[in-house]
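# output the structure for:
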Amino acid sequence: MIKIYHNPRCTKSRQGLALLEAAKVSFETIKYLDTPVTKAELEAIIDKLNITPIQLVRKNEAIWKEQFKGKELSDDTIIAAMLEFPKLMERPIVVNGNKAVIGRPTENIAEII
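Numbering: from 1, shown residues only. Okay, the predicted model is just below:
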């Protein structure tokens with residue numbers, strides 16, 4: 001089943017949700033700020049995206065700028081930061097089986113549905 005990791009306050013995330021609804025596909029919505037992902041889930045998402053953890057970070061978030069920017073960070077530290085502050089994760093993330101995309105731009109989602 002398709003999963004969308006969604007933040008209702010984010011325009012791009014709402015657009016991604018609308019794209020899935022318009023495509024009339026079955027999907028599960030995970031509001032990751034309310035139901036945070038586990039370390040195993042986050043690592044699996046990063047693996048399916050085929051990116052490094054830093055590529056999933058929203059670097060313009062105040063939390064990132066205040067606590068992490070400019071520091072030499074390991075992948076484990078970056079993952080830990082996203083687990084502690086889920087707002088740091090890019091959004092929306094759509095997972096379909098072994099594939100995943102970040103829905104920025106929203107059209108990326110069409111590639112995996």
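
# how about Ile51, secondary structure?
The assignment at Ile51 comes out as coil when based on DSSP: H, G, I helix; E, B strand; the rest coil.

# how near is it to Pro8?
Between Ile51 and Pro8 the computed distance is 24 Å (C-beta to C-beta, to the nearest Å). Just so you know, the C-beta spots here come from the backbone N, C-alpha and C atoms, and that holds for glycine as well.

# which residues in this protein form helices?
Taking DSSP state H, the helices of the chain run over residues 11-22, 39-49, 62-67, 75-84.

# Arg104: which of these is closest?
Ranking these by their distance to Arg104 (criterion: C-beta to C-beta) puts helix 11-22 first, at 5.5 Å.

# which residues touch the closest one?
Outside helix 11-22, the residues within contact range by C-beta atoms under 8 Å, 6 or more residues apart in numbering are 2, 4, 6-8, 27, 29, 91-92, 94, 103-104, 106, 109-110, 113.

# quick one: low-confidence parts of this protein?
Low-confidence regions of the chain, defined here as pLDDT under 70, do not occur.

# mind putting the helices of the chain in a markdown table, distance to Asn98 and mean neighbour count included?
Shown next, in a markdown table, are the helices of the chain (distance: least, C-beta to C-beta, whole Å; neighbours: other C-beta atoms under 10 Å):
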| stretch | distance to Asn98 | mean neighbour count |
| --- | --- | --- |
| helix 11-22 | 18 | 17 |
| helix 39-49 | 6 | 16 |
| helix 62-67 | 29 | 12 |
| helix 75-84 | 20 | 16 |
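
# and of those helices, who's closest to Gln55?
Proximity of the helices of the chain to Gln55 was assessed by C-beta to C-beta; the nearest stretch is helix 39-49, lying at 7.7 Å.

# contacts for the closest one, please.
The contact list for helix 39-49, computed with C-beta under 8 Å, 6+ apart, reads 5, 37, 52-53, 55-56, 79, 82-83, 89, 93, 95, 98-102.

# on that earlier part again, need the max-distance pair from the contacts of helix 11-22.
Using C-beta to C-beta, those span at most 21.4 Å, a distance reached by Pro8 and Ala110.
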